[in-house]
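In: Quick one: sequence plus predicted model below, questions after.
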Amino acid sequence: MSDKSTLFKFDNISVTVEGKQVVNSVSLNIKRGEVHAIMGPNGSGKSSLSNALMGHPAYNITNGQAALDGVDILGMAADERSRAGLFLAFQYPLAIPGVTVANFMRTALQAHRGKDADMADFRKLFKKKMADLSIDPTFATRYLNDGFSGGEKKRIEILQLSVLDPKMAILDETDSGLDIDALKEVSKGINEYRNNNNAVLMVTHYQRLLNYVKPDFVHVMMDGRLVTSGGPELALKLEDQGYEWVEKEFGQKAEA
């Protein structure tokens, strides 16, 4: 990439699921230090785009290019993309009975660092990150997401983000199912992760997350396409007026 400040870039990405096209020629350029938000109604393709970029096998990228820090990622498996520095916080985190939160985090970090990496600092790092997110220390010995509330699952996802410290974080509806206190804690974790060397792409339905994690750019997705972009004021307009004005103004563009 010619622009050295670009961290994550994808061009003309199209995605199919079970033969149905759900994302159509979506492009975005995300620079270091930036926070982007993608908003849109249900079924617009936001989560499909996120999963496809992460390498979920059910989401088939049929066209386009994607590069993280100048390296093509589309030829990589999902675990390789993760080790390259791409992170996805799932909309619906899965439970893994029999695997404790601490062991999961340790295994994930070691996979990123390499099997021969010195993990002597893990316990100290893990305890600090849990304290930063106000996570009860007893969660370390509980099975991952097993019996957790929605808010607890999302906090554990942000804990993983904090421990792994990836280059690029895609957060797929991290605010869904959160009460106001959990939203504040999760937002705090996202903001503490942010720096001038990484970037965040948030997928959300609501303005409320953006009250705590301020985006540099807001994009609207409809019918599998990004139809318009703007600053934080665009999210406020969507909160106030809904998506009807977008459909009227960009409906033909979205269907083209």
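Out: Arrived safely, thanks for sending. What you are looking at is a predicted structure, and each value in this text was computed from that prediction instead of being measured.
In: Okay, now the unreliable bits of this structure?
Out: Residue ranges of the chain with pLDDT under 70: 1-4, 252-256.
In: can you give me the helices in it?
Out: Here the chain has its helices, by DSSP state H, at 46-54, 78-84, 101-113, 122-132, 150-164, 180-193, 208-212, 232-241, 244-255.
In: so Gly45 touches Val227, yeah?
Out: No: the criterion here is CB atoms under 8 Å, and Gly45 misses it with Val227 at 11.1 Å. C-beta: built from backbone N, CA, C; applies to glycine.
In: Find residues that contact each of these two.
Out: Residues touching both Gly45 and Val227 by CB atoms under 8 Å, 6 or more residues apart in numbering: Met221.
In: So which of the helices of the chain is nearest Asn63?
Out: Of all the helices of the chain, it is helix 46-54 that lies closest to Asn63, at 11.2 Å by CB to CB.
In: returning to what we had before: nearest to Ala95, out of the helices of the chain?
Out: For the helices of the chain, the distance to Ala95 is smallest for helix 150-164, at 8.2 Å, taking CB to CB.
In: in that closest one, what counts as buried?
Out: 151-164 (16 or more other CB atoms under 10 Å).
In: Could you dump those residues into TSV with distance to Thr174 added?
Out: As requested, these are exported to TSV (distance: CB to CB, whole Å):
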residue	distance to Thr174
Gly151	11
Glu152	13
Lys153	10
Lys154	6
Arg155	10
Ile156	11
Glu157	7
Ile158	7
Leu159	12
Gln160	12
Leu161	9
Ser162	13
Val163	16
Leu164	15
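In: how many neighbours does the closest residue in space to Gly147 that isn't next to it in sequence have?
Out: The shortest distance from Gly147 to any residue other than its chain neighbours is 7.6 Å, reached at Ala95 (CB to CB, 6 or more residues apart in numbering). By the measure other CB atoms under 10 Å, the count of residues near Ala95 is 12.
In: for Ala95, what are its contacts?
Out: By CB under 8 Å, 6+ apart, Ala95 lies in contact with 143-148.
In: Out of the helices of the chain, which one sits most buried?
Out: With neighbours taken as mean count of other CB atoms under 10 Å, the helices of the chain reach their highest mean count in helix 46-54, at a mean of 24.
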